[in-house]
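Asks: Quick one, structure for this:
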Amino acid sequence: MFDFQFNGQQLCVDAAREDGSLGRLVNDDEVNPNSKIKVTRVDGRPHLCLFALKDIGSGEEITYNYGNSDWPWRSKVVI
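Replies: Just a heads-up that it's a prediction; the model follows:
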């Protein structure tokens, strides 16, 4: 999920649904992401664009920080 503001509206993109786009394959990394999302406007509509923060090698996973939410996978498991 990616929550963002556009034209004063709170919007959300749910990448869990298979829709043919590759953006759903970008994973969360709250500590050391290698890309950042920027909301841009094209023909009056919002588009989410990923921009590299550093060189990303061939075969390297593309990540960005999903934001300040309590995502379940961020929970530390103590055994």
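
Asks: give me every residue that touches residue 35.
Replies: The neighbours of residue 35, taking Cβ atoms under 8 Å, 6 or more residues apart in numbering as the test, are 26, 50, 51, 52, 53, 56, 62, 63, 64. For glycine as for every other residue, the C-beta is placed from the backbone atoms N, C-alpha and C.

Asks: what residues are up against residue 62?
Replies: Contacts of residue 62 (Cβ under 8 Å, 6+ apart): 25, 26, 27, 34, 35, 50, 56.

Asks: wait, I meant residue 11
Replies: Contacts of residue 11 (Cβ under 8 Å, 6+ apart): 3, 4, 5, 46.

Asks: Mind checking what secondary structure it has?
Replies: Judged by DSSP: H, G, I helix; E, B strand; the rest coil, the three-state class of residue 11 is strand.

Asks: what do you get for residue 21?
Replies: Once three-state DSSP is applied, residue 21 turns out coil.

Asks: And it, how close does it get to residue 46?
Replies: 14 Å (Cβ to Cβ, to the nearest Å).

Asks: Which residue of the two possesses the greater neighbour count?
Replies: Using other Cβ atoms under 10 Å, the more surrounded residue of residue 21 and residue 46 is residue 46, with 15 against 11.

Asks: Enumerate every residue touching that one.
Replies: Applying Cβ under 8 Å, 6+ apart, the residues near residue 46 are 4, 6, 11, 39, 40.

Asks: repeat that for 10 Å
Replies: 4, 5, 6, 7, 9, 11, 13, 39, 40 (Cβ atoms under 10 Å, 6 or more residues apart in numbering).

Asks: From these, keep the buried residues only.
Replies: residue 13 (16 or more other Cβ atoms under 10 Å).
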